[in-house]
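> when you get a sec, could you give me coordinates for this:
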Amino acid sequence: GMHPIAAGLGTFALMLLVGAGLMVASLRRVMAVDPGFRGEHVLTGLINPPASRYAKDEDLRVLMGRVLDQVRGLPGIEAAGLSSNIPFSGNSSDGVILAEGYQMAPGESVVSPYSVSVTEGYFEAMGARLLAGRWFTDADIEGRRRVLIIDERLARKFWPDGRAVGQRMYTPTSAEKLFESPRDDQMLTVVGVIAEMRLSGVIDTAGGQRPGAYYYPYRQEPRRSMGLAVRTAGAPAGLTDAVRRSVSQVDAELPLYNTRTMSERTSEVLMDRRTPTVL
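Alright, predicted model coming up:
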C-alpha cells in the first residue's frame, strides 16, 4: 500500500485544490456582482471645505456650483457631479427614514439606509441606471418641494408593488417622533428610483441585509465633505491634473485629495478578496 505520509499529503493536496477551487468560485461571484454604476471612465476625488471659510450652507452651495462649472468646462469631460458618498471611498452616513403611512410589523426594526446628498449630473457621471421617474434637475432648489431619489432596495421595502414615484417619506428627528406624522414641510417626495449602487462593499456580510440608500438634491441638503465624480471621454487618470487645477482655480487652498479612478476604487475593494486567491 501507499506510505501513510504520502497518502496524507495526497489528501492535503486534494483539500488545497478544493479550497482553491471554492475561492476562485467565490471570486468569480464577486467579480460578477453588478455595482450599479459604470466605473470604467470615471475619475473621483474628495473635497472638504474648511468651516472657517465656508461657514453657511449658502457658502457651500456657491462653492460647489463654481467647482462644477470649472470642471465641466474642461475638454474631454462628458459629465460631472458631486456626492457625499462616492462608492468605496469610505465616506458614508446613514439615517432612519420612513414612508408616509407605513405600518411596521411587530418586531420589525427601523431601517437606516445610506443617506446621500448629490448634485445634478452626479448619477449621469457615474452611469447610474434610472428605473422609474426622473433625475434631479436645477429646479430642485431650496424653498421648492423637497424631493428624493431612492434605490430599488429601499423602494421594494416600502412599495413592493413598484409604485414608489410620487410617494412621500420623512426622516424622524428623534426616537420619540418615530411614529408621529411629520409636518407637511418635512415630507420628501420620491421623484426617481435607481438601480442599487453598491456604496461600501461588493460582498454582503454574513446574514446582513443591505439597507438601501436615499439621495437628496445637494441644493436642498448641502453637506460639507463631498466627492467629485467626472466621466471622461478618454482614460480618466490622464485628466487628474487638469481636474485638480480647475478646483484650485476656484480656491487655491482647497485640495482635491484621494483621487482615484472608479476602477481603482473597485479593485481596491475586491483586493481584500483577491489576495487569498492569489496566494
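> look up phi and psi at the closest residue to residue 170 other than its chain neighbours.
Using Cβ to Cβ, 6 or more residues apart in numbering and skipping the chain neighbours, the partner closest in space to residue 170 is residue 182 (4.3 Å). Heads up, the C-betas are built off the backbone N, CA and C, glycines and all. Torsion angles at residue 182 (phi, psi; degrees, to the nearest 10) stand at phi -80, psi 170.
> quote the end-to-end distance of stretch 106-115.
End-to-end distance for stretch 106-115: 25 Å, by Cα to Cα, to the nearest Å.
> can you give me the helices in the stretch 101-250 of the chain?
Secondary structure of the stretch 101-250 of the chain (DSSP state H, counting those that start in this stretch): helices located at 122-126, 152-158, 240-250.
> dump the ones you listed to a markdown table, plus distance to residue 110.
Formatted as a markdown table, these follow (distance: least, Cβ to Cβ, whole Å):
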| stretch | distance to residue 110 |
| --- | --- |
| helix 122-126 | 27 |
| helix 152-158 | 11 |
| helix 240-250 | 38 |
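> so which of those is the most surrounded?
helix 122-126 (a mean of 25; mean count of other Cβ atoms under 10 Å).
> picking that back up, among the helices of the stretch 101-250 of the chain, which is nearest residue 114?
With Cβ to Cβ, the closest approach to residue 114 among the helices of the stretch 101-250 of the chain belongs to helix 152-158: 9.3 Å.
> contacts made by the closest one with the rest, please.
Residues outside helix 152-158 that contact it (Cβ atoms under 8 Å, 6 or more residues apart in numbering): 97, 99, 102, 111, 113, 131, 162, 164, 167, 169, 190, 193-196, 210-214.
> can you tell me which of the residues you listed are buried?
97, 99, 111, 113, 131, 164, 167, 169, 190, 193-194, 196, 210-214 (16 or more other Cβ atoms under 10 Å).
> can you check the pLDDT for residue 15?
Looking at residue 15, its pLDDT reads 67.
> can you check residue 144 too?
88.
> contact partners for it?
residue 220.
> swap in the one 4 residues further on?
Neighbouring residues of residue 148 by Cβ under 8 Å, 6+ apart: 169, 188, 189, 190, 191, 214, 215, 216.
> what's the answer for residue 118, then?
Residues in contact with residue 118, defined by Cβ under 8 Å, 6+ apart, are 81, 82, 83, 84, 136, 215, 216, 217, 218.
> between the residues you listed, which is nearest residue 235?
Nearest member of the contacts of residue 118 to residue 235, counting by Cβ to Cβ, is residue 81, at 19.9 Å.
> how many residues are close by residue 134?
Residue 134 has 12 neighbours, counted by other Cβ atoms under 10 Å.
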